[in-house]
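# no FASTA, just this:
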């Protein structure tokens, strides 16, 4: 692929709730841009972007796949992200490196729970977005209801720039309000051919009404449009396009488009919108990093001429080789050259640079600012770490990872499986930071923890498929947290000789319960006469280390305030080690006497069922310790929202299928830790 100007690059992600049609949209984009030569369907297991066997079998996206295509002389780098809550880290780390996103919504389901989650993730990274309301051909499709839901649930400011012509079986085309044309697709050419026509008389009044609303919204943000609007002059399309681009890039508006990816309608106009409205790497503010030597803020401008700054946002083990996915923010990457990882203070060699197309790879010699590429040769560097020029070190902000909420015990089936197990887990943990493995000291079991039942199920399936490693799996266990019910005080002294040196530290601590979800804090309430200030960081370290495992069952401690209330100091033998240990000992004593109790993960659950099954489903949720929050009617479906402890949700998919003759579906996401 020829080298593009940075202003002609679009790095975009496709984000949505499970089953909104993200992968189908991506498949159509690849087909109409000439990147694919046939249409791959998710339901046939032939989607290019769902290349893993587990994805093809289940018809869902598990890993975010990267691909590149061209549209009207622009290079579009696309990341198709999963919609299932168990794989939310894939969305998080993709959005961290993207310049724009397409939110895909199902015209029937509207804004569903995981749509809210991924939208909030995009907001967190200030990612400009456009919305594509998909499945306009489906029974129950409602374009305007979905737009209303975007305002209510996402706190977004949607700007309708297209309206559908008909809906459900009568969905025939799209009216473009910017150019005031009706677009109609030719079914015989698989949607490749489409025509722009004059808007029929019967739809002209509606089109004018919505164009007026669009122009009014833009006039509030753009002086040129305001001037033309007040003068009641014709507003040219290029002025509208420019105003929408500026408002989108500045996160003031979300342009809303519509179509049906499965029926091949609306994708070319979506590609135009990507190019017209979403920013290139030079349109967004330069990313900021920190110089690890001086702690000064460094701005990394999107230019091939600047020093190299790149972020590893994902690591994959493909064919037993480590493939690192990298977003280049500044400078050039050259195959065979050395790069510097300031986090590990190590140089690494880039043996190969690859342009990715799902699981297919194309070798390239150089990659410039704005590119998203695969790199082979990085031995030590991992997800969230920065690669840069050794002479101009800079560290970019790391990616936040989620803590696991569910665990299973695994044991190898054979001796050969035993030998490979540790190595296999290491590879998966390098690939997926939300996966954790530990040995239970009491039982000797290997405990595998992740984000949900499906997450762990797929890891076990992949172990067998990719590494021929089979394991027996124990019943899933919930990962709890511990906290205290009442304030408690304790003190501890550490006074002993270690490695020929005497260490002394005396600490008195008070612990207080905090509100749910408020986290742990530490503060000191003593004067210099008690313990010199120099030892306060060591005491805080001891406190936080003691919170890593509680006294009840060894789970992490949350929502506790630790206050240093007193202590003792002896000249020349007071040491950091002694104060760290004594603080940890005092905290452990106080935790034991603070009436400790367990908190369990509470999940937000949405169940979609027919009216006939509603009673049975509510009864089942109640027996699982759930609290019903609301029941809403949507088209011919009842939407039951509930808060349920994770421990009550094991095996729920089987139970729901049997209660609804296989027609009920549900989504679940972590809400908070609490006492049930």
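Sure thing, it's come through. All values reported here derive from a predicted model rather than from experimental measurement. Residues are numbered from 1 along each chain as shown.
# Contact partners for residue 99?
Neighbour list for residue 99: 10-12, 127-128, 278-281, 283-284 [criterion: Cβ atoms under 8 Å, 6 or more residues apart in numbering]. C-beta coordinates here come from the backbone N, C-alpha and C atoms, glycine included.
# host element of the most centrally placed residue in the chain?
By Cα atoms, centre = their mean, the chain has its centre lying nearest to residue 92, at 2.3 Å. Element membership of residue 92 [criterion: DSSP states H and E] is helix 88-97.
# ranges for the helices of the stretch 51-200 of the chain?
Counting by DSSP state H, counting those that start in this stretch, the stretch 51-200 of the chain has helices at residues 53-58, 88-97, 113-124, 143-154.
# Quick one: closest of those to residue 411.
Distance to residue 411, taken as Cβ to Cβ, is lowest for helix 53-58 among these, at 22.1 Å.
# and that closest one, what's its mean pLDDT?
Here helix 53-58 scores 44 as its mean pLDDT.
# do the same with stretch 287-300
89.
# Quick check: end-to-end length of it?
Length of stretch 287-300, first residue to last, Cα to Cα, to the nearest Å: 6 Å.
# Grab the nearest non-local neighbour of residue 338.
Nearest residue to residue 338 in three dimensions, chain neighbours excluded: residue 347, at 5.0 Å (Cβ to Cβ, 6 or more residues apart in numbering).
# do you know how far the closest residue to residue 230 other than its chain neighbours is from residue 496?
Closest residue to residue 230 apart from its sequence neighbours, by Cβ to Cβ, 6+ apart: residue 219 at 7.9 Å. Between residue 219 and residue 496 the distance is 76 Å, computed by Cβ to Cβ, to the nearest Å.
# out of the two, which sits in the more crowded spot?
residue 219 (18 against 10; other Cβ atoms under 10 Å).
# give the contact list for that one.
Applying Cβ under 8 Å, 6+ apart, the residues contacting residue 219 are 225-226, 229-230.
# tally of neighbours for residue 411?
14.
# Reduced to three states, what does it come out as?
For residue 411, the secondary-structure state derived from DSSP: H, G, I helix; E, B strand; the rest coil is strand.
# Identify the residue spatially nearest to it, adjacent ones excluded.
residue 472 (5.1 Å).
# For the one you found, the count of nearby residues, please.
11.
# which helices and strands sit right next to the host helix or strand of it?
Secondary-structure assignment from DSSP H and E places residue 472 in strand 471-473. The contact analysis (3 or more Cβ pairs under 8 Å, 6 or more residues apart in numbering; DSSP states H and E) places strand 471-473 against strand 406-412, helix 453-467.
# Redo the ones you listed as TSV? Include mean pLDDT.
TSV is the format used below for those (pLDDT from 0 to 100):
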stretch	mean pLDDT
strand 406-412	79
helix 453-467	78
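# quick one: which of these is nearest residue 24?
helix 453-467 (20.6 Å).
# so what's residue 605 up against?
Neighbours of residue 605 in contact, by Cβ under 8 Å, 6+ apart: 621, 626, 641-644, 649, 666-668.
# typed the wrong thing, it's residue 327
Contacts of residue 327 (Cβ under 8 Å, 6+ apart): 11, 97, 310-311, 313, 371-372.
# What subset of those residues is buried?
When these are checked for burial by 16 or more other Cβ atoms under 10 Å, the buried set is 11, 97, 310-311, 313, 371-372.
# Touching stretch 581-596 from outside, list them.
482-494, 505-511, 513, 538-543, 545-547, 550-552, 557, 560, 562, 564, 567.
# Now, these that are in strands?
Among these, the members found in strands (DSSP state E) are 482-484, 488-494, 505-511, 513, 560, 562, 564, 567.
# hang on, residue 277 packs against residue 246?
No - in this structure residue 277 lies outside contact range of residue 246 using Cβ atoms under 8 Å: 9.4 Å.
# Compare those two (neighbour count), which wins?
residue 277 (25 against 17).
# Identify the residues contacting that one.
Contacts of residue 277 by Cβ under 8 Å, 6+ apart are 128, 130, 241, 244-245, 248-249, 255.
# Out of the residues you listed, the closest to residue 164 would be?
residue 255 (15.1 Å).
# on that earlier part again, next SSE after the strand holding residue 472?
Downstream of strand 471-473 (by DSSP H and E), the next one is strand 477-478.
# Which strands and helices lie in contact with that next one?
Partner elements for strand 477-478 (3+ Cβ pairs under 8 Å, 6+ apart): strand 406-412.
# so the next helix or strand after the strand it packs on versus helix 453-467, what angle?
Counting by DSSP H and E, the element after strand 406-412 in chain order, helix or strand, is helix 415-431. With axes from the mean of the first three to the mean of the last three Cα atoms, to 10 degrees defining the directions, helix 415-431 sits at 120 degrees from helix 453-467.
# re earlier: could I get the helices of the stretch 51-200 of the chain as a markdown table with distance to residue 19?
Putting the helices of the stretch 51-200 of the chain into a markdown table (distance: least, Cβ to Cβ, whole Å) gives the following:
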| stretch | distance to residue 19 |
| --- | --- |
| helix 53-58 | 11 |
| helix 88-97 | 15 |
| helix 113-124 | 10 |
| helix 143-154 | 15 |
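# Mean neighbour count, the ones you listed: which tops it?
helix 88-97 (a mean of 24; mean count of other Cβ atoms under 10 Å).
# Distance from that one to the middle of the chain?
Put simply, helix 88-97 sits 4 Å off its chain's centre (Cα atoms, centre = their mean, to the nearest Å).
# Let me see the mean pLDDT of that helix.
Taken as a whole, helix 88-97 has a mean pLDDT of 72.
# Show me where the stretch 201-350 of the chain has its strands.
Along the stretch 201-350 of the chain, counting by DSSP state E, counting those that start in this stretch, strands occupy 254-258, 287-290, 297-300, 309-318, 321-330, 333-334, 338-341, 346-349.
# Please produce a markdown table containing these, extended by distance to residue 614.
Output for these, formatted as a markdown table (distance: least, Cβ to Cβ, whole Å):
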| stretch | distance to residue 614 |
| --- | --- |
| strand 254-258 | 31 |
| strand 287-290 | 49 |
| strand 297-300 | 54 |
| strand 309-318 | 41 |
| strand 321-330 | 44 |
| strand 333-334 | 56 |
| strand 338-341 | 55 |
| strand 346-349 | 57 |
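# Check the spacing between the residue nearest to the centre of the chain and residue 127 real quick.
12 Å.
# Please apply the same query to residue 168.
Counting by Cβ to Cβ - residue 168 and residue 127 are separated by 32 Å.
# which of the two has more neighbours?
Between residue 168 and residue 127, counting by other Cβ under 10 Å, residue 127 is the more crowded of the two (25 against 15).
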